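Colleague: This is the structure alone, sequence omitted:
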């Protein structure tokens, strides 16, 4: 097969596979980091031990995700050099620095305080512990900031120009605050948060349906729901802003997202395609359900477009994204999930206002709880779909408009890449099964509500000088269950 | 401006050297403990070994992530050429990291621990092996064209010199891992690692002697450097100091001191690292490309000093803080 002897295609496949697998884990840790800050804060404020137990229970998922997030993140960084050497050399001035900033600002902060957050309950006083939890969340979210800054710059390169095959930066702040940056960072920030909220809500709903610890888990469900009231609609709005930006800055991506083959000039209305079967050879949609004049309403909230929407035929086939169907459907899946989650939030809020989510009667909300369980993995699917739109839609460019993907890849023997790609596919399959297995075991075992609650008296010194219990082989207390 | 052109790459050479040194020392004992766990006979002991790392392994590994990110930004040509040339050793290390990284949590969860024990031990070994080959082949030199792009072949990294470097690095990791465990454990486990530390001290010494002898014989470009004034005095002093440090280390092991062996080993790492740094400087892709040719634009280097360099004291501080929080012994049941 041609594919197996094409090292560029294999490198792309490897990057796609490792990125798609990697992003599953930090999504939860960055979002759940904020949730842990909330529950630990509630514990310190209300002194209700339930919140402490929530912090302990959910951090089990945090640590399960964290290790695999680190382990699968390292290959991402090294692949820039191994498989994308010409790209790395050309963009090192800006892109490379930002990767360095991510390590110094984000990873180190998260890594250094994670130990204290997980194992330090007995070793530092509550204020220091809380500070550690906050810094872990800050570190995780700073990595969202930096990596989205880097990726946005690949979408809308700014702050300099290509000189003799290298990107020379004239203005670093312009490069950092490139057109996509602010919006993309916020969209991803809320994506991790929303995914985590619905994971927490979904797992809580499962316990409620099982009639296990309803009172305990109705608390976490309500925290997730309360946060989702703000997050879910805001995320839809940020998604809309992102699409608007694509419309202005990456017209070929927009054309693929909407499967528009023909250009619609400014001042005209165009139909919005709801579902279609795009045919790239024939350069048209085989079959289509459209909403008449819908495109203008979706992009600009009015019928006539103020700027033309370019059709894919405007570009030569080698200058526009391929896999139009993938981009088109990924976009629809992501948006659909965004609306579904917002709808679920609305229905749940209504029930909450009607008093149906109290600890005594919440388990009667069978359909609602089932919907929350169903929603638990949807955030991940939306995140993956969104990234597919973003990065497959950017093709044939690695640095949009500047460096083509074929020119960005290292000249490697295809066999090397095939071996490493096969290795990743195998290892990641094992890891995925293992995480599902261990994750479901954590869920089945449930929270340990008998954990001793640490004293909140402020008398202790910042660093406890008395020896503390530290059980080797197992986590301090809860793993002994 | 002309001085800046030389000064900034030198600053970044030193900063990246510092990151790499911190990495080799900190993740060195981490990986060393992992390799030692392969010989551990029972579950409880292995549990203690992994507990002694559970709060720090990931911060230690982050020094490498930081070094690589810094290299990417400061010397993009070196980052792309070296990683491109070392495809196989780099992925050996990466896969090793994956297995040992996930082993910490998965072993905790698993009822059948054997698979994750192996993932931890073998992952540590393979990662260290990949690093050793990578280090060895960079020192040996990478085939590049005039523009500094890799022109060699897939297995260029594999040679007896890089194998010697890899084996010596593994010995060094086992040594520093053993002395770390002497510090952190008690009784039988500590006894065991007094023994492994002594063996590793000798094997490291043998590796270091072989490298010291063969380097000037086989590498022409280092030979000319080594015998230049005033380098000849420095390069004569380093092996002598090294022998002295190993002597002190062995004495402290015989006296069964608890912390001194770790400190002597750290000094030994610092010394070897200084020696390597002086041999390599000013090259970043030996034997052809210097730091001045491979560096990013001066403005990038300045921005990176602001965004990374100024954070170094902060990063060191909070890393140190967590070592203080988790100080003390890991024994059968307690940190004491």
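Modeller: That came through fine. Quantities reported herein were computed from a predicted structural model and do not represent experimental measurements. Numbers count the residues shown, from 1 in each chain, chains lettered A, B, ... in the order given.

Colleague: Would you mind measuring from the residue nearest to residue A:52 when sequence neighbours are not counted to chain B?
Modeller: Closest residue to residue A:52 apart from its sequence neighbours, by CB to CB, 6 or more residues apart in numbering or on different chains: residue A:43 at 4.5 Å. Bear in mind the C-beta positions are built from the backbone N, C-alpha and C, glycine included. Residue A:43 sits at a distance of 20 Å from chain B (criterion: CB to the nearest CB, to the nearest Å).

Colleague: where does the stretch 151-300 of chain B dip in pLDDT?
Modeller: B:218-226, B:229 (pLDDT under 70).

Colleague: interface residues of it facing chain A?
Modeller: B:154, B:296-297, B:299-300 (CB under 8 Å from any CB of the partner chain).

Colleague: would you list those residues in TSV and tack on secondary structure?
Modeller: Compiled in TSV, those are given as follows (DSSP: H, G, I helix; E, B strand; the rest coil):
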residue	secondary structure
B:154	coil
B:296	coil
B:297	coil
B:299	helix
B:300	helix
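
Colleague: list the buried ones in the helix or strand containing residue B:167?
Modeller: Assigned by DSSP states H and E, residue B:167 belongs to helix B:160-184. Buried residues in helix B:160-184, counted by 16 or more other CB atoms under 10 Å in any protein chain shown: B:161-184.

Colleague: got it, and stretch A:275-294?
Modeller: A:276, A:278, A:280, A:284-285, A:294.

Colleague: Please apply the same query to stretch A:312-325.
Modeller: A:312, A:314, A:320-321, A:324-325.

Colleague: In strands, which of the residues you listed appear?
Modeller: Assignment to strands by DSSP state E places none of the buried residues of stretch A:312-325 there.

Colleague: Could you pull out the buried residues of stretch A:135-143?
Modeller: A:135-143.

Colleague: Show me the residue of chain A that gets nearest to chain B, please.
Modeller: In chain A, the residue found nearest to chain B is residue A:92; the distance is 2.1 Å by CB to the nearest CB.

Colleague: From the structure, what's the count of residues near that residue?
Modeller: 29 (other CB atoms under 10 Å in any protein chain shown).

Colleague: which residues touch residue 95?
Modeller: I'll assume chain A. Residues in contact with residue A:95 (CB atoms under 8 Å, 6 or more residues apart in numbering or on different chains) are A:88, A:150, A:153-154, A:167, B:72.

Colleague: that answer is for a different chain, and I need it for chain B
Modeller: A:423, A:427, B:123, B:126.

Colleague: contacting residues for the residue nearest the centre of chain B?
Modeller: By CA atoms, centre = their mean, chain B has its centre lying nearest to residue B:24, at 2.3 Å. Listed by CB under 8 Å, 6+ apart, the contact partners of residue B:24 are B:269, B:273.

Colleague: do you know how far it is from chain A?
Modeller: Shown here: residue B:24 relative to chain A, a distance of 16 Å by CB to the nearest CB.

Colleague: Surely that residue is in a helix?
Modeller: Yes. Assessed with three-state DSSP, residue B:24 lies in a helix.

Colleague: hmm, which of the residues of the stretch 151-300 of chain B next to chain A are the buried ones?
Modeller: B:296-297, B:299-300.

Colleague: so is residue A:74 in a helix, a strand, or just coil?
Modeller: Going by three-state DSSP: residue A:74 is helix.

Colleague: can you list the residues of the stretch 101-250 of chain A near chain B?
Modeller: Residues of the stretch 101-250 of chain A lying near chain B (CB under 8 Å from any CB): A:101-105, A:107-109, A:111-116, A:118-120, A:123-124, A:168-169, A:172.

Colleague: burial count for the residue nearest to residue B:243 when sequence neighbours are not counted?
Modeller: Leaving aside its chain neighbours, residue B:243 sits nearest to residue B:205 (7.9 Å; criterion: CB to CB, 6+ apart). By other CB under 10 Å, the residues close to residue B:205 number 20.

Colleague: Name the helix or strand for residue B:205, please.
Modeller: helix B:187-218.

Colleague: So for that helix, what gets flagged as buried?
Modeller: Buried residues in helix B:187-218, counted by 16+ other CB under 10 Å: B:189-190, B:192-194, B:196-198, B:200-201, B:203-205, B:207-208, B:211, B:215-216.

Colleague: what does stretch A:177-188 give?
Modeller: A:177-181, A:183-188.

Colleague: on that earlier part again, among the contacts of residue B:95, which one sits closest to residue A:239?
Modeller: Closest to residue A:239 out of the contacts of residue B:95 is residue A:427 (33.2 Å), distances taken as CB to CB.

Colleague: buried stuff in stretch A:265-276?
Modeller: Quick answer for stretch A:265-276 (16+ other CB under 10 Å): A:269-273, A:276.

Colleague: Could I get the residues you listed in a markdown table, plus columns for pLDDT and distance to residue A:443?
Modeller: Below are these laid out as a markdown table (pLDDT from 0 to 100; distance: CB to CB, whole Å):
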| residue | pLDDT | distance to residue A:443 |
| --- | --- | --- |
| A:269 | 82 | 50 |
| A:270 | 82 | 47 |
| A:271 | 82 | 46 |
| A:272 | 84 | 41 |
| A:273 | 83 | 40 |
| A:276 | 84 | 39 |
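
Colleague: Show me those that map onto strands.
Modeller: A:272-273, A:276.

Colleague: ok, back up a step: which pair in the residues of the stretch 151-300 of chain B next to chain A has the greatest spatial separation?
Modeller: B:154 and B:299 (36.5 Å).

Colleague: Low-confidence ranges, the stretch 1-150 of chain A, go.
Modeller: Judged by pLDDT under 70, the stretches of the stretch 1-150 of chain A that qualify are A:1-2.

Colleague: For it, which segments are assigned as helices?
Modeller: Assigned by DSSP state H, counting those that start in this stretch, the stretch 1-150 of chain A shows helices spanning A:7-46, A:49-82, A:85-91, A:97-101, A:108-119, A:126-155.

Colleague: Minimum distance to residue B:3: which of those has it?
Modeller: helix A:97-101 (22.1 Å).

Colleague: Who are the packing partners of the closest one?
Modeller: Secondary-structure packing of helix A:97-101 (3 or more CB pairs under 8 Å, 6 or more residues apart in numbering or on different chains; DSSP states H and E): helix A:126-155, helix B:57-74, helix B:298-307.

Colleague: buried set for the last one?
Modeller: Within helix B:298-307, the residues scored as buried using 16+ other CB under 10 Å are B:299-301, B:303-305, B:307.

Colleague: report the angle between the axes of it and helix B:57-74?
Modeller: 160 degrees (axes from the mean of the first three to the mean of the last three CA atoms, to 10 degrees).

Colleague: what does helix B:298-307 contact?
Modeller: A:92-94, A:96-97, A:100-101, A:104-105, A:169, A:172, B:1, B:4-5, B:8-9, B:11-12, B:15, B:70, B:73-74, B:295-296.

Colleague: Please give me every residue in contact with the residue nearest to residue B:34 when sequence neighbours are not counted.
Modeller: For residue B:34, ignoring the flanking residues on the chain, the nearest one in space by CB to CB, 6+ apart is residue B:124 at 2.5 Å. Residues near residue B:124 by CB under 8 Å, 6+ apart: B:30-35, B:37, B:96, B:100.

Colleague: and of these, the nearest to chain A?
Modeller: residue B:100 (8.1 Å).

Colleague: Wait, that closest one touches residue B:117, no?
Modeller: No. Assessed by CB atoms under 8 Å, residue B:100 is found out of contact with residue B:117, at 10.8 Å.

Colleague: more crowded one of the two?
Modeller: residue B:100 (29 against 20).

Colleague: Against residue A:139, how distant is the more buried one?
Modeller: Here residue B:100 is placed at a distance of 22 Å from residue A:139 (CB to CB, to the nearest Å).

Colleague: Next: residue B:106.
Modeller: For residue B:106, the distance to residue A:139 - CB to CB - is 23 Å.

Colleague: sorry, back to before: report the two of the buried residues of stretch A:135-143 separated the most.
Modeller: In terms of CB to CB, the buried residues of stretch A:135-143 reach their longest pairwise distance at A:135 and A:143, which sit 12.9 Å apart.
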